[in-house]
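**Q** Here you go, sequence then predicted model.
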Amino acid sequence: MPLTPARAWLAAGPLLLLCAAGLLLPLGWRSLDLLRACVGPDTCVLRELTADRFYLDAVLRTLALSAGSTALGLLLGLGAVLHLVAHPRWSKPVAVLAGVGANFAGVPLALALTLLLGSQGVLTTLARTHGLLQGWDLTSDAGLLLAFTCFQVPLAMVLLAAPVRLLDPALAEAAATLGASPARFWRRVGLPLLAPSLVEAASLLFANAAAAYATPFALAGTASPVLAVRIAAAVSGDIFAQPELATALSLVMGALLLIVIVGGRWLARRLRQAP
């Protein structure tokens with residue numbers, strides 16, 4: 001029996017409905033409670049978000065880390081994919097490693113970085129014996145940026161591999177025949193053709209970093225200054241649990257991810273339709 005789109009939707013429908021219910025019902029229930037508190041006589045927790053620098057700082061740091069790791073991931077990932085296209089014999093092993101690396105985030109990545117670059121890590125100890133990395137701290141913003149970049153690069157390679165391979169090699173050959181250097185070809189032709197794919201990849205990378213929880217929590221615990229950890233701390237606190245605050249932060253996170261992903265898709269579509 002052939003698998004038509006209608007049959008595929010019917011087969012996947014129950015699982016999709018279960019996932020939607022598991023995601024939307026708790027958030028909707030908590031959001032209604034938050035709305036009732038804000039329109040009623042109770043204290044509105046949304047005012048606490050704007051009044052407390054602690055949570056505003058988490059939002060700003062999340063934006064900065066996401067933007068920085070996205071830029072580095074795109075730059076390094078695109079360079080790696082271009083090198084693989086020029087040397088196709090490495091494509092299969094690197095594709096396997098990129099697929100593994102894209103799913104390596106979380107506790108495994110944090111453990112590997114701690115063993116290598118933690119306060120007692122192998123590379124940190126060796127560097128400090130030579131007077132280097134004296135002020136290095138893996139739990140600082142620089143350490144978190146390094147950790148985020150480690151899982152952004154392989155994900156960028158996975159996302160950009162197909163668009164780069166779809167570029168017509170005849171364009172580069174024609175540019176070389178006309179005397180254009182490779183750098184000029186990529187600046188004038190290659191990058192504009194890849195712009196929609198780069199925008200879509202950037203939006204997914206940004207959302208991936210903004211929602212990251214396991215890696216920053218495994219590195220710095222509840223002291224990690226990112227939004228996802230702040231949400232978890234507000235939910236899981238014992239006597240200091242603040243479910244209303246966690247709901248408000250979750251709405252901020254959801255709005256941020258929605259704007260980035262939908263905005264990226266819209267901009268990519270506009271770029272593809274541009275003459």
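**A** Sure, I can see it. Numbers count the residues shown, from 1 in each chain.
**Q** And Ala105, how close does it get to Gly135?
**A** Distance, Ala105 to Gly135, by CB to CB, to the nearest Å: 26 Å. C-beta: built from backbone N, CA, C; applies to glycine.
**Q** Revised request: answer the last question for Gly221.
**A** Taking CB to CB, one finds Gly221 at 21 Å from Gly135.
**Q** higher neighbour count, these two?
**A** Legend: neighbour count by other CB atoms under 10 Å for Gly221 and Gly135, higher for Gly221 (11 against 6).
**Q** And the pLDDT at that one?
**A** Turning to Gly221, the model gives it a pLDDT of 83.
**Q** all strands of this protein, in order?
**A** With DSSP state E, there are no strands along the chain.
**Q** just the helices in it please.
**A** 5-39, 46-51, 53-86, 91-102, 107-117, 122-129, 141-165, 169-177, 182-185, 191-210, 214-220, 227-236, 243-273 (DSSP state H).
**Q** got TSV for the ones you listed, with mean neighbour count too?
**A** Shown next, in TSV, are the helices of the chain (neighbours: other CB atoms under 10 Å):
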stretch	mean neighbour count
helix 5-39	11
helix 46-51	14
helix 53-86	18
helix 91-102	14
helix 107-117	16
helix 122-129	13
helix 141-165	21
helix 169-177	12
helix 182-185	13
helix 191-210	21
helix 214-220	21
helix 227-236	20
helix 243-273	16
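**Q** Quick check: pLDDT value at Asp168.
**A** Reported pLDDT at Asp168 in the predicted model: 58.
**Q** cool, and Ala64?
**A** Per-residue pLDDT puts Ala64 at 94.
**Q** Check Leu126 too.
**A** With respect to pLDDT, Leu126 has a value of 88.
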